[in-house]
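Trainee: Fold the following, please.
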Amino acid sequence: MRLKEIQRTAHQAWSPAGHHPIYLALGTAAQQLDASFNTTAAIEIFEMDFSDPSLDMQLKGSLSLVWVNFGSGADGTGGRLVGGSENGTLTVYDPEAIMNSIGEAVVGQSDKHTGPVRALDFNPFQSNLLASGANDSEIYIWDLNNFSSPMTPGAKTQPAEDISVVSWNRQVQHILASANPSGKAVVWDLRKNEPIIKISDHSNRMHCSGMLWHPDVATQLVLASEDDRLPVIQMWDLRFATSPLKVLENHTRGILSISWSQADSELLLSSAKDNRILCWNPNTGEVIYELPTTNQWCFDVEWCPRNPALLSTASFDGRITVYSVMGGSLKAQQQSTAERISSSFDTMDPFGTGQVLPPLQVPQPQVQDTIVPPLKKPPKWVRRPVGASFAFGGKLITFENPKLPPVQSPQPVPRQVFVSQVTTETEFLQRSRELQTALQSGSFNSYCQAKIQSAKSDAEQDIWKFLLVNFEDEARIKFLKLLGFSKDELERKVSWLLLDSAEARTSGSVSPADFFSQTPKENSNFQIPVSCDTDGLISQALLVGNFEGAVDLCLNDGRYAEAILLSISGGEELLKKTQQKYLSKQKNSISMLISSVVTQNWKDIVQSCELDNWKEALAALLTYAHPEDFARLCDTLGSRLECEGTEKRCLQACLCYICSGNIEKLVECWALHRDCSSPLGLEDLVEKVMMLRKSIERLRNCEVAVQSPVLAEKLTCYAGILAAEGSLTTALSFLPHQPFQPQSPSTAGPPAFPPPVPSMPAATLSGPQLPPSSSAAGGLPPMPSPGVPPTSFMPPTSSGLAPPGSQAGAPVPVYPASLHNQGPAPPVPYAPSGSGYPQGGPGAPAVKPFPAPVPDNYTPPAPITAPVMRFPVEAAQPHDNTQVPPGAPQEPSLLQQLPSEKVQQKEIPPEHMVLKSTFDSLVQRCQLAAGDPQTKRKLDDAAKRLGHLYDKLREQSLSHNILSGLHEISRCVASQNYQRGLEVHTQVVSSSNFSEISAFMPILKVVMTIANKLGV
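Mentor: Below is the predicted model of the structure:
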């Protein structure tokens, strides 16, 4: 695309690459007639202003040509202009003096040459070195620091010929080449001052008009032929100088000028007598661009050193034109031409009529916008040398374009794209991996213990202690202990108080003689009063059996103890009335608690107690609340605490929600008062939610589904962060299966089949439908109730494990339903019995069930070995209304009464017996060396779970890869090289199907880690 143009017939030279703005120097020849009939020689310097869309160039200065970097300022401006004349004179100019019209423009001159100077080139490595060529094989090397004494590259070549071109090598600074019109080229080594190689075309038709070194390859150069019989460009490689490496043929007449882009070696310009200017890819010989030209020859083409997309041409029609190979639109130039024509005419009266002419209306033809296309392929300076882009999953995609070989090879150049994993949240990923490991291996207790130890605040520690209790036996007693209430400690305090009171009564009493004298006689008589006072009326009422009147008299006289004792004999209805009257008159601090215990009205406690007494209220609910009401009452207490709005109260509310098992309320409370926007804050919430969910699943013996838009949003954000950090598999496990959609009460119902673990799908608040042995009357499983007899027979589960409701001290067991799932059981009067904790309360022993007939052909079901995550659960124990003292022998359960069927087990293959002996021996050594109870519990669990490995060995269901890894681990254990064993363990797990090894590989790693720690 043509950018600038000026009417001149001249030689041209671009300003050096470091010079800004870009200038173009033009040198005209003397005795040549220009458009103004001027025949003097001159040097003119024009500025390239591309912000002006017109074709004009601004003249900066003139004087009556190579522009080199020598003498440039710190900003790259200045330099030197060197011109050679027909009389052999070589002149050096200062372009700054020409443009600013200050000082002397000529800074050096020499007439050493005896003939016309036809060739000039400066050294790209040392800008003070200039080569010039003239007649009679004259070649001089000039030092611009000492312009008076040039040197020669060596002896003149014979026979003597004109030097048409000189060119410095672009890679090796001491190599210079010269060419003759006859087509011969000589390469000089200035260190040796002699020619090192000569090349020539054997056709003798090569008339050399141009020679250029390859910008990137030191041994390659091109020669251009001006002969119309051979209009070609020959590419030579000095390593194979017998014939041209490549010949570029497309011009039809002799080539006048060539120019090789220093920014992209795949761009070579040539102009010829066929009025064409072509741009070649010398590596392939393809013409990739052709510039639009006029009908005159273009005798000079030059690339711009600073802007690689620009080139200038000089033609014999007297035009210097600047083009761009990047294409563009001609609309601005066309508009500028039209405006120039319009401004040439004004509104003055050219004919002297005395009248002002109307404004000239120049017709504006509708010219379509002309688009000049760019090069066929992007040039090197616009190609991306490197690139990077972030992708989904924390992936960083990078590429790098390798430097292409100058010679086109038949094999494609390999290009590589690198995919890297970028992680920014290392602590978040580490905690997420620990959580995922705990969820997969079922080591919830150890996970909660680790969280308790690493908790940074007491409130955080309390939450994890409450979550840990959900996974332990006798959870209700431990909940009470966490709240500060211990049954054993209370008994000790009561005993000490009673002992102190007895001592106080006996101290300072009468002497033993007086004591025996005051002892009443065994057969002392008493009087029954029948007077009209209170005692007489009470006696008369009792004598006639009027208990109600007697009670009223006692209450009226303030004899509350006698009133209570008499109401017991008067029947249940009278006892209730008496209790109500008594409690209504008592207004002390303990009366409300006594009233709630007697009347089982815990709603008033949680709604009316001081919030500072939340621990006491929660302890009362843990001890007495009915299972159907427990979760609701805990939620009510938590809501009251949450309404206070302080962080302390909200953490206390979270403890209430943990006790009730209300995951939704826990999430809402935590998200409302804690920052969950950061990854670590979100990790805190997810850890607690997943642990609470797993504890409820353990008690229900099935999956728990939670419908909470807040939780769905948080889990989606959590999965998004995991995905962005590259943990895509873990992220998928936390995503809900379907977006949260609220359901109407009429259509809401439990799904028929719960979705697979570990995702938390959106479902109704009541969760999936539970089996008959674990169905509940309410939503989340209620707390066990003290003293409530079972309403129906509870069948044993197929796995031989106890139903969650029968576990001793479980925090949220399920209330039993009927055998045939005929709906909730009828309500049973709820009354505490016995001293201390009532029947069914914390720590209460199990009772016998109703007997059930056993079929003759009954066969106990086989134990379930999957899923892998098993929890230590006590055997199912039946219930009846008889309280059994602790430690008393229990009557065997239904499964214990049935004879067990003998199962014939296969033997472990002999070649794998070494695995069993090695691993069992390792567990035994660790058990002997272990000191803390937690480690011993882990080892006991390991001894059981290794049985899964031995079962698979008996079934011979393990792959060869896993067996090889296990034997390698066994050898490492035998040599006590546990570090190597853990490395092999990691390799086996990463290369195997996890479902095949999940039953035993995690616990095997735990055992080796313990053994390494104990040093056994």
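Trainee: Could I get the pLDDT score of residue 29?
Mentor: We have a pLDDT of 57 for residue 29.
Trainee: all strands of the stretch 51-200 of the chain, in order?
Mentor: 58-63, 66-72, 78-84, 90-93, 106-110, 119-122, 129-133, 139-143, 146-151, 165-168, 175-179, 185-189, 194-199 (DSSP state E, counting those that start in this stretch).
Trainee: So which of these is nearest residue 433?
Mentor: strand 66-72 (60.0 Å; Cβ to Cβ). Quick note: C-beta positions are derived from backbone N, CA and C, even for glycine.
Trainee: and the strands of the stretch 51-200 of the chain as CSV, adding mean neighbour count?
Mentor: Shown next, in CSV, are these (neighbours: other Cβ atoms under 10 Å):
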stretch, mean neighbour count
strand 58-63, 17
strand 66-72, 21
strand 78-84, 23
strand 90-93, 22
strand 106-110, 15
strand 119-122, 22
strand 129-133, 25
strand 139-143, 20
strand 146-151, 13
strand 165-168, 23
strand 175-179, 25
strand 185-189, 22
strand 194-199, 15
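Trainee: Nearest to residue 696, out of those?
Mentor: strand 66-72 (80.4 Å).
Trainee: what sits against residue 175?
Mentor: 168-169, 187-190, 218 (Cβ atoms under 8 Å, 6 or more residues apart in numbering).
Trainee: mind running it again at 10 Å?
Mentor: By Cβ atoms under 10 Å, 6 or more residues apart in numbering, the residues touching residue 175 are 153, 167-169, 187-191, 196, 213, 218-219, 238.
Trainee: Surely residue 374 touches residue 291?
Mentor: No: taking contacts as Cβ atoms under 10 Å, residue 374 lies outside contact range of residue 291: 12.0 Å.
Trainee: Compare those two (neighbour count), which wins?
Mentor: The neighbour comparison of residue 374 against residue 291 (other Cβ atoms under 10 Å) goes to residue 291, with 21 against 17.
Trainee: returning to what we had before: nearest to residue 603, of the contacts of residue 175?
Mentor: residue 218 (96.3 Å).
Trainee: Now the closest residue to the closest one other than its chain neighbours, what are its backbone angles?
Mentor: Nearest non-adjacent residue to residue 218, counting by Cβ to Cβ, 6 or more residues apart in numbering: residue 171, 3.6 Å away. Main-chain dihedrals, residue 171, degrees, to the nearest 10: phi -120, psi -30.
Trainee: How about residue 241?
Mentor: Given degrees, to the nearest 10, the pair of backbone angles that residue 241 has is phi -90, psi 10.
Trainee: for the strands of the stretch 51-200 of the chain, which one sits closest to residue 952?
Mentor: strand 175-179 (75.7 Å).
Trainee: So in that sheet, which strands flank the closest one, and in what orientation?
Mentor: Taking DSSP bridges as the criterion, strand 175-179 forms sheet pairs with strand 165-168 (antiparallel), strand 185-189 (antiparallel).
Trainee: what's in contact with the longest one?
Mentor: The set of residues external to strand 185-189 that reach it, using Cβ under 10 Å, 6+ apart, is 131, 137, 139, 141, 152-154, 157, 163, 165-167, 169, 172, 174-180, 194-201, 206, 208, 211, 213, 219, 221, 223, 234, 236, 238, 241.
Trainee: nearest to residue 625, of the strands of the stretch 51-200 of the chain?
Mentor: Among those, if distance is taken as Cβ to Cβ, the winner is strand 66-72, at 92.8 Å.
Trainee: Tell me how far residue 578 lies from residue 560.
Mentor: 9 Å (Cβ to Cβ, to the nearest Å).
Trainee: what sits in contact with each of those two?
Mentor: Common neighbours of residue 578 and residue 560 (Cβ under 10 Å, 6+ apart) are residue 554.
Trainee: the more surrounded of these two?
Mentor: residue 578 (24 against 15).
Trainee: just to confirm, which helix or strand has the more buried one in it?
Mentor: helix 572-585 (DSSP states H and E).
Trainee: Now do the next helix or strand after that helix, average pLDDT.
Mentor: Using DSSP H and E, the helix or strand that follows helix 572-585 towards the C-terminus is helix 591-599. Per-region confidence: helix 591-599 scores 72 on mean pLDDT.
Trainee: Mind listing what's buried along the helix or strand following helix 591-599?
Mentor: Counting by DSSP H and E, the next helix or strand C-terminal to helix 591-599 is helix 603-608. Residues of helix 603-608 classed as buried: 605-606 (neighbour count, 16 or more other Cβ atoms under 10 Å).
Trainee: With stretch 977-985 instead?
Mentor: 978, 981-982, 984-985.
Trainee: One more: stretch 254-273?
Mentor: 254-261, 263-273.
Trainee: Among the residues you listed, which lie within helices?
Mentor: Nothing among the buried residues of stretch 254-273 maps onto helices, per DSSP state H.
Trainee: Can you flag which of these belong to strands?
Mentor: Among the buried residues of stretch 254-273, the members falling in strands are 255-260, 268-272 (criterion: DSSP state E).
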